Structure formats: C-alpha cells, structure tokens
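Q: please find the sequence and the predicted model below.
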Amino acid sequence: MKKKIAILGSTGSIGKQTLEIIRNDKKNFKVILLTANKNHFLLSKQIKEFNVKNVIVTNKKSFLILKKKFKKINIINSLENIDKILKFKLDYTMSSISGFEGLKPTIKIIKKTKIIAIANKESIICGWNLIKKEIDKYKTKFIPVDSEHFSIWSVIKNNSPREIKEIIITASGGPFFNLKNNKIKKTPKLAINHPNWKMGKKISIDSATLMNKVFEVIEAKKIFNLDFKKFNILIHPKSYIHSIIRFNNGLIKIVAHETDMKIPIFNSIYYKLNKNYRCKKININILNNLNFNKVDPKKYPTIKILKYIPNKNTLFETLLVSINDELVEMFLKNRISFDEISTKMNQIINSKLFRKYRLKKVNNLAQIEKLNEFVRLKTKSLSVISDIK
Ligand SMILES: NC(=O)c1ccc[n+]([C@@H]2O[C@H](COP(=O)([O-])OP(=O)(O)OC[C@H]3O[C@@H](n4cnc5c(N)ncnc54)[C@H](OP(=O)(O)O)[C@@H]3O)[C@@H](O)[C@H]2O)c1
C-alpha cells in the first residue's frame, strides 16, 4: 500500500526537496496534503503533478486564485483546523513552514501522523515541551531534519544522555566569514547568498548572523535532553562535518555528509525502509583540509545570547525567535542594517521588559502565541529599544 504523506510548507526549499524525493518514487507514496502561504503558481503545479486532494493556502489572495482554479478539491484558507481535514492517519509528515507560524500546525498534526519529521526549528525552540507531550501521547515517531540534529540523532538515538560528554555543532560562518574589507555593505542580497546551502531567505540571514547556531544549540538541548554546558560550536566553512560527538567512554564520532538537505530528508522519509541513497564518494580533499575555527564573539555578537538561555523550557526562547523574526524582516526591507540585527537583539533581550521571561515556564500554546504577537509589535517600532531599557 502507498505511504500517505503531508508536507507543511511544500513551496519552500525543504518542501520542494521533499517532493523531489517523492517524485522519484510515486508508486510508493501518495501526497494527501500540501500547505503554503503565497506561492500559488508553484502550489498549483504541485497539486496537478501529485494529484493532491487537500490543500491549505494561508494568503487570502492566493487562496481565492486556487479556489477558482481547482473546484473539485478541498482547499482551505487556514492552518487552524489542519488536523480536522484529515480523515485517516498519515504515514509521514514533513513540517517545513518557515518561522513561528509552523508551531501550531506541527503540534496539531502530530496526532494524525505516524512519523513527524521536523525541519521547522522555531517550533522545537518555542514549543518543544508541547510537541513532546503530543509525540508521547500519540506514539508518533519524531525525526529531526535540521542537518546537524539529524546527524547527532543518527549517532546517539540509542545512547542515554549520561553517556555523552560533549557535542560540537558546526557552523559554516555564512557569506561574511572571510570578509576582509569591513567597509563592504552587508546587503540583504549578499547576506542571502549562503556559500554552501541553498535555503530560504530567513534561515540564510540567520546563518550569516550565526543566530541559526544559537537556535540549533537550543534545539539540540531540547531534543537530546542535555545540559547547555555539553554543547560547543565550531566554524567549519566547508560544512562537510555536521557534528562531533564525544562520549564518556573516550570515543569521538564525527558525522560527515555532502551539503545536501536531501540526505536528512531522504532518511526521514525512508526511516526503517532500508532504501539506499545515491551518495557520492567520500571527499578526501575535504577530509584532508577540514579547517575548524573557534567562534569570534566580536565577529558574531549573537553568540553571546547563549549565556542567557535558561536550562529549563521557558518563554525566553519564544522571545528570541520572535525578536529575531521581526529584526530579520526589517533587515530584508532595508529598515535596519545587517549589524543592527545582533546589536538590537542583544539590547532588546537585556531590556527590563523582557528579562523576566527567562524564568517564565511554558504552559500552553496560547501563551506562546500571545507573547510572540506582543514581542513582534514591540520590536517593530524600534523606538521600543529606548522605551524598554
Ligand atoms: N532550507 C534549509 O536548508 C533548512 C535547513 C534546516 C532547517 N530548515 C528550517 O526549515 C524551515 C523551512 O525552511 P525553508 O528554507 O524551506 O523556508 P522557505 O524556503 O522560506 O519556505 C517556507 C515555506 O513555508 C511557507 N510559509 C511561510 N510563511 C507562512 C505562513 N505565514 N503561513 C503558512 N505557510 C507559510 C512558505 O509558503 P510560500 O512559499 O507560499 O510563501 C513555504 O512553503 C525553517 O524553519 C528553517 O529554519 C531549513
């Protein structure tokens, strides 16, 4: 029988790569549900190619266009009732909406899928305890798709946290790592141009500021239930090594693969199905020149944020995601400079108004959503920085 799948964020970088894998194996998969925001052109093609009968498109204009075009299929305008439109349990769901918006649908769909593969790091960062509760309740298999977390998960999934001494997560350093001339203006166009990965705009900016690594350490801490002290970051511009795991028994395991997100995506789709990935030969040239560097906090001031993050799940993580989402959007609209993303981030999280969230426990989704709205509003009006000092 064909495996039934859903892709949340099918028009994005991860969503498209997931469909590329499915495209090569249509006889074994049936796409039941796709979701997107604005890109009705691509979504329209995906609906036709994969003969999809359930679609969610959140942007009003795009919704109306698709509704007119596809009269016989179930198209809705909101992710709110994503669980209700599915009449049966799916085999696999890819959660790859970008940003905070991915959290609610991810939590809601867990009960309706046997496997949840999560690329959307914001949902893990803000709502891991809520996600974990649903995963345990409905016995859904969780697979992390972020390449670093997938690599760590592949190696330690059968180890207890006590066996692990240290985990190093690697960072490419982004497009400005080798920048010698400080006078060059770091424009959105340059910042998006990641040296190794083809990704969406938001995550590319986060890679350039290194905020992406701050998020990944939080994500890893939650998924693997380890203390923050066990994590370190090293800059590795070739991105061939994704993680290094040092065990208490003296062994060190280094996980390498090509800079291709299809590897973690493929492995999550074919979990326990024993399918071979057509991988390239080991790249000895890269192995001979791995080149690791410590992170310079002067160059990447966002890294200082790590010292403020509490060990428990708190609303502080939502605060970080929300401020960053807003600041990145402002940078993309040329309202603030690249360097201001990190300076303003540090100012805002240390403000009197927001410091208290380091101690506030996460109880429910409504609380996270309310805080996100409040923080984004405050961050949007940059006068807030002087207001909240
Ligand atoms: N790309 C990577 O290599 C990579 C690696 C690791 C982790 N991740 C994580 O995976 C997630 C997706 O990344 P991406 O690079 O694939 O992002 P992306 O290319 O920007 O795609 C985002 C997807 O989410 C949809 N979307 C955006 N805002 C939405 C909203 N308000 N409501 C509903 N749908 C919305 C987009 O629809 P439209 O296209 O219609 O706007 C698109 O389908 C992110 O959390 C990212 O951090 C990505």
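A: Arrived safely, thanks for sending. Values in this document were obtained by computation on a predicted structure and should not be read as measured data.
Q: residues in contact with whichever residue of the chain sits closest to the ligand?
A: For the chain, the residue closest to the ligand is G12, as judged by C-beta to the nearest ligand atom, at 1.9 Å. To be clear about C-beta, it is placed using only N, CA and C from the backbone, and glycine gets the same treatment. Applying C-beta atoms under 8 Å, 6 or more residues apart in numbering, one finds that G12 lies in contact with A36, S96, I97, S98, G200.
Q: near the ligand, which residues of this protein show up?
A: Contact residues (C-beta under 6 Å from any ligand atom) of the chain with the ligand: 9-15, 36-39, 58, 96-99, 101, 119-122, 146, 197, 199-200, 202-203, 261.
Q: give me the buried entries from the residues you listed.
A: 9-15, 36-37, 39, 58, 96-99, 101, 119-122, 146, 199-200, 202-203, 261 (16 or more other C-beta atoms under 10 Å).
Q: all strands for the stretch 201-350 of the chain, in order.
A: 231-235, 241-247, 252-256, 293-294 (DSSP state E, counting those that start in this stretch).
Q: domain assignment for this structure?
A: 3-144, 160-259+284-303, 310-389 (automatic domain parsing).
Q: just say which of the ones you listed is most tucked in.
A: Comparing the domains of the chain by mean neighbour count (mean count of other C-beta atoms under 10 Å), domain 3-144 ranks first with a mean of 19.
Q: residues in contact with D325?
A: G99, F100, E122, K202, R376.
Q: backbone dihedrals for the residue of the chain closest to the ligand, please?
A: phi -90, psi -180 (degrees, to the nearest 10).
Q: distance of it from A6?
A: As judged by C-beta to C-beta, to the nearest Å, G12 and A6 stand 14 Å apart.
Q: for the stretch 201-350 of the chain, which segments count as helices?
A: Taking DSSP state H, counting those that start in this stretch to define them, one finds helices in the stretch 201-350 of the chain at 201-209, 211-224, 262-269, 284-288, 316-332, 338-349.
Q: if you could redo that for the stretch 1-150 of the chain, that was the one I meant.
A: Assigned by DSSP H, counting those that start in this stretch, the helices in the stretch 1-150 of the chain fall at 13-23, 40-50, 60-69, 103-109, 121-138, 147-156.
Q: in a markdown table, list these along with mean pLDDT.
A: Converted to a markdown table, those look like this (pLDDT from 0 to 100):
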| stretch | mean pLDDT |
| --- | --- |
| helix 13-23 | 97 |
| helix 40-50 | 98 |
| helix 60-69 | 97 |
| helix 103-109 | 97 |
| helix 121-138 | 96 |
| helix 147-156 | 95 |
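Q: of all these, which one is nearest V255?
A: Closest approach to V255 among the helices of the stretch 1-150 of the chain (C-beta to C-beta): helix 147-156, 3.8 Å.
Q: tilt between that closest one and strand 241-247?
A: Angle between the axes of helix 147-156 and strand 241-247 is 40 degrees (criterion: axes from the mean of the first three to the mean of the last three C-alpha atoms, to 10 degrees).
Q: how far away from the center of its chain is the following helix or strand past helix 147-156?
A: Using DSSP states H and E, the helix or strand that follows helix 147-156 in sequence is strand 164-171. Computed by C-alpha atoms, centre = their mean, to the nearest Å, the chain-centroid distance of strand 164-171 equals 18 Å.
Q: do the same with stretch 242-251
A: Taking mean C-alpha positions (C-alpha atoms, centre = their mean), stretch 242-251 and its chain are 24 Å apart.
Q: how about residues contacting it?
A: 147-148, 150-152, 155-156, 159, 162-170, 234, 252-257.
Q: 6 Å instead, please
A: 147-148, 151-152, 155, 163, 165-169, 252-255 (C-beta atoms under 6 Å, 6 or more residues apart in numbering).
Q: do stretch 46-59 as well
A: With contact meaning C-beta under 6 Å, 6+ apart, stretch 46-59 is reached by 10, 31, 33-38, 63, 66, 73-76, 79, 85.
Q: so which of the residues you listed belong to strands?
A: Per DSSP state E, strands hold the following members of these: V31, L33, L34, T35, A36, N74, I75, I76.
Q: list the residues that contact the third one.
A: Each residue near L34 by C-beta under 6 Å, 6+ apart is listed here: I7, S10, Q46, V52, V55.
Q: again, only this time at 8 Å
A: Applying C-beta under 8 Å, 6+ apart, the residues near L34 are A6, I7, S10, G15, L43, Q46, I47, F50, V52, N54, V55, I56.
Q: tell me the pLDDT of the closest residue to it other than its chain neighbours.
A: Nearest non-adjacent residue to L34, counting by C-beta to C-beta, 6 or more residues apart in numbering: S10, 4.1 Å away. pLDDT for S10: 98.
Q: and A366, how far from K137?
A: With C-beta to C-beta as the criterion, A366 and K137 are 19 Å apart.
Q: can I get the contacts of G12 in JSON lines with pLDDT and distance to K333?
A: Formatted as JSON lines, these follow (pLDDT from 0 to 100; distance: C-beta to C-beta, whole Å):
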{"residue": "A36", "pLDDT": "98", "distance to K333": "22"}
{"residue": "S96", "pLDDT": "98", "distance to K333": "24"}
{"residue": "I97", "pLDDT": "96", "distance to K333": "21"}
{"residue": "S98", "pLDDT": "91", "distance to K333": "16"}
{"residue": "G200", "pLDDT": "85", "distance to K333": "16"}
